[in-house]
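[1] Coordinates for the following, if possible.
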Amino acid sequence: MASPGFDRRQYLRMFEPKLLTVLREGYRLQDLRADALAGLTVAIVALPLAMALAIASGTTPEKGLYTAIVAGFLISAFGGSRVQIGGPTAAFIPVVFVVIQKFGFGGLILCTLLAGLILIAAGLLRLGTLMKYMPQPVITGFTAGIAVSIFSSQVKDMLGLRMGDVPAEFLPRWAAYGQHIASTQPAAVVLTVMGLAVIVGLRKWKPGWPGFLIALLVCTLVATAFALPAETIGTRFGALPSALPTFDFPRIPFERTWELLPSSLTIAFLAGVESLLSAVVADGMTGGRHRSNGELVAQGLANVGSALFGGLPATGAIARTATNIRSGGRTPVAGILHSAYLLLFMLLLAPLMRYVPLAALAAVLLVVAWNMSEVENFRNTMSAPKGDRLVLLLTFFLTVFLDLTVAIQAGIVVAAFVFMFRMAEAVEVSSGMPMPDDEIGDDDHARGADLDQRAMLPKGVEVYQISGPLFFGAANRLDNLLDQFLQPPKVFILRMRLVPVIDASGVHALKQLAHRCHRKGIVLIISGLQEQPNRVIARMRLEEEPAELHFTSNFERALRLAESIVHEPTTG
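    Numbering: from 1, shown residues only. You can find the predicted model right below:
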């Protein structure tokens, strides 16, 4: 049964695909022309990226194409953004590589399925809005760490090292590189440098051209024309399939679900964060507004679909989404056509893709890694307060040297502690007497003004004020409050008008304060409670007790009550 105030129609509206919204508004021929051109442009950019990302993840290049085709279609068809482009992204490389090494490709399929279901559940539970509260140092830390991991994973191909499988861990990986550095192939180095030069040069002089694809074409032509001894897609993986992706349900190790759950949560987290960040970027570029919870559901459907067609984890891709917008994409149709173009490319060009040098794909991923590193953002965050720097560096180094799952968990936990510490530091317990602005100066002057005003209080009355949220991180501020007085007062007024929220620890601290006041024979008056603290205090049964504890709506009433208790009215 629906809860009171639950609007079922409004709830379902959050998950309506933007494609339906566009069709309801009216889709014109000129929109189709713009979307078709944008979809083609994005497909040209996505083609080399999809293969490169799949290879870097430890699987075959067609898996990346399957992901871009199936997941890209589902994200655009069911997503909550008009211009989002989905597919495999570099953020998944470290976690996917480790999962495949430990559990095989079947384990990755299960991970992707679970991640998809987690994303669907998160969207239905309306958790999409919570993603915006992710601490920026955590995001910067793990994205920079992923960039270093991607660079590290490409050393073998960019140098053409003759070695077996690359270890998943950072230090053993570089130890293996050191052992095989003598097998460096000059041809691979030349092709890597050539690919980088083409990409960087085109970005500077012809930024509208598809630099990744042109770099692959140039390197492939050079390698083929001069018969360079460089490893290619064909020599490592054989011919790519030139057929439609087929629905497949491979052998999945369901008995290892519990072991795979942490990686599934990491994939779901990365997919959710990156897709919503991409949607926010798209909103900024177009002036639109995405449906965050609907986007999460679409990401979940896309990951389930990708897994069932033998693909990789997928999410919204910021760079490809921006390319779509700059190329004139207006509606989700552009993303759907981008998937159709990729399918056409795979069917027609698969026999030719086997000649692409792996060093050229390494050059593509080196540029992707540099873009992900956000060096300027990392440098700016290193100028932030000490707590933010700690979160940034912790997340970064754990991502590089240990594990992305652990890095995210540790980064969020430490960021939460840093936040709580700052909130606790922001809470002030001080003299509660009002002080005119012109009396707030240097410390000696302020202290003298405070003493003058305190002398105006009725004899036997003391006042203190709490400013800020009274939560578990700041509740201990009340522990030694009564020790501030040389002689215990008859009445102690605690002003709480500047306390916006209180939690169970804060109420417990108030109960302890009331208990200590009772033992010392002090009457406690709490004044000026706001709505939330008043409600929580009432629910937790901190109630008025004659001659022990009183509540008043404001400070003036508290003073009058204090006067009546001490039987000494205020003079003059």
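[2] in the stretch 401-550 of the chain, which spans are strands?
    Taking DSSP state E, counting those that start in this stretch to define them, one finds strands in the stretch 401-550 of the chain at 428-431, 461-467, 491-498, 523-527, 549-552.
[3] Most tightly packed of the ones you listed?
    Mean neighbour counts were compared across the strands of the stretch 401-550 of the chain using mean count of other Cβ atoms under 10 Å; the top stretch is strand 523-527, at a mean of 24. All C-beta atoms are positioned from the backbone trio N, CA, C, and that covers glycine.
[4] residues in contact with that one?
    For strand 523-527, the external contacting residues (Cβ atoms under 8 Å, 6 or more residues apart in numbering) are 490-497, 510, 513-514, 517, 547-555, 557-558, 561-562, 565.
[5] Now that strand: average pLDDT?
    Per-residue pLDDT over strand 523-527 has a mean of 94.
[6] so what strands line up beside that strand?
    Note on strand 523-527: by DSSP bridges, its sheet partners are strand 491-498 (parallel), strand 549-552 (parallel).
[7] quick one: that strand to chain centroid distance?
    Distance of strand 523-527 from its chain centroid, counting by Cα atoms, centre = their mean, to the nearest Å, is 44 Å.
[8] same question, stretch 92-104
    Using Cα atoms, centre = their mean, the offset of stretch 92-104 from its chain centre is 20 Å.
[9] Buried by neighbour count: which residues of it qualify?
    92-100, 103-104 (16 or more other Cβ atoms under 10 Å).
[10] and of those residues, the nearest to residue 503?
    residue 95 (35.0 Å; Cβ to Cβ).
[11] The closest one and residue 271, how far apart?
    Plainly put, residue 95 is 11 Å away from residue 271 if you go by Cβ to Cβ, to the nearest Å.
[12] For residue 76, which of the strands paired with strand 523-527 is the nearest?
    strand 491-498 (49.2 Å).
[13] May I have the closest one exported as PDB, CA atoms only?
    C-alpha atoms of strand 491-498 as PDB (Å, rounded to 0.1, in the frame of the first residue of the first chain):
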ATOM      1  CA  VAL A 491      20.500  28.700  37.200                       C
ATOM      2  CA  PHE A 492      22.300  27.800  34.000                       C
ATOM      3  CA  ILE A 493      20.800  28.900  30.700                       C
ATOM      4  CA  LEU A 494      21.900  27.000  27.600                       C
ATOM      5  CA  ARG A 495      20.900  28.900  24.400                       C
ATOM      6  CA  MET A 496      20.400  26.700  21.400                       C
ATOM      7  CA  ARG A 497      18.800  29.000  18.900                       C
ATOM      8  CA  LEU A 498      21.800  28.600  16.600                       C
END
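[14] burial of the closest residue to residue 554 other than its chain neighbours, as a residue count?
    Closest residue to residue 554 apart from its sequence neighbours, by Cβ to Cβ, 6 or more residues apart in numbering: residue 528 at 5.5 Å. Residue 528: 24 surrounding residues under other Cβ atoms under 10 Å.
[15] follow-up on the earlier one: now the buried residues of stretch 92-104 in a markdown table, with distance to residue 346, secondary structure and pLDDT?
    Compiled in a markdown table, these are given as follows (distance: Cβ to Cβ, whole Å; DSSP: H, G, I helix; E, B strand; the rest coil; pLDDT from 0 to 100):
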| residue | distance to residue 346 | secondary structure | pLDDT |
| --- | --- | --- | --- |
| 92 | 20 | helix | 94 |
| 93 | 21 | helix | 93 |
| 94 | 26 | helix | 92 |
| 95 | 25 | helix | 93 |
| 96 | 20 | helix | 95 |
| 97 | 23 | helix | 94 |
| 98 | 27 | helix | 92 |
| 99 | 25 | helix | 93 |
| 100 | 22 | helix | 93 |
| 103 | 27 | helix | 90 |
| 104 | 24 | helix | 90 |
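[16] any chance of those in CSV, plus distance to residue 423?
    Listed next are the buried residues of stretch 92-104 as CSV, based on distance: Cβ to Cβ, whole Å:
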residue, distance to residue 423
92, 34
93, 36
94, 33
95, 32
96, 37
97, 38
98, 36
99, 37
100, 42
103, 41
104, 46
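[17] now the stretch 451-572 of the chain, which segments are flagged as low pLDDT?
    Scanning the stretch 451-572 of the chain for pLDDT under 70 picks out 451-455, 568-572.
[18] The stretch 101-250 of the chain too?
    132, 248-250.
[19] would you list every one of the helices in it?
    136-153, 155-159, 170-179, 186-205, 211-225, 233-237 (DSSP state H, counting those that start in this stretch).
[20] helices and strands around the fourth one, which ones?
    So that's helix 186-205. Helices and strands touching helix 186-205, by 3 or more Cβ pairs under 8 Å, 6 or more residues apart in numbering; DSSP states H and E, are helix 155-159, helix 211-225, helix 358-373.
[21] In it, which residues are buried?
    187-188, 190-192, 194-196, 198-199, 202.
[22] From the chain's centroid, how far away is it?
    32 Å.
[23] Need the residue closest to the centroid of the chain.
    Closest to where the C-alpha atoms of the chain average out (Cα atoms, centre = their mean) is residue 273, at 4.1 Å.
[24] Can you give me every residue that contacts residue 85?
    42, 46, 72, 75-76, 316-317, 320-321, 323-324, 334-335, 338.
[25] Quick check: the two most widely separated of those residues?
    Among the contacts of residue 85, 75 and 323 lie farthest apart (Cβ to Cβ), at 15.2 Å.
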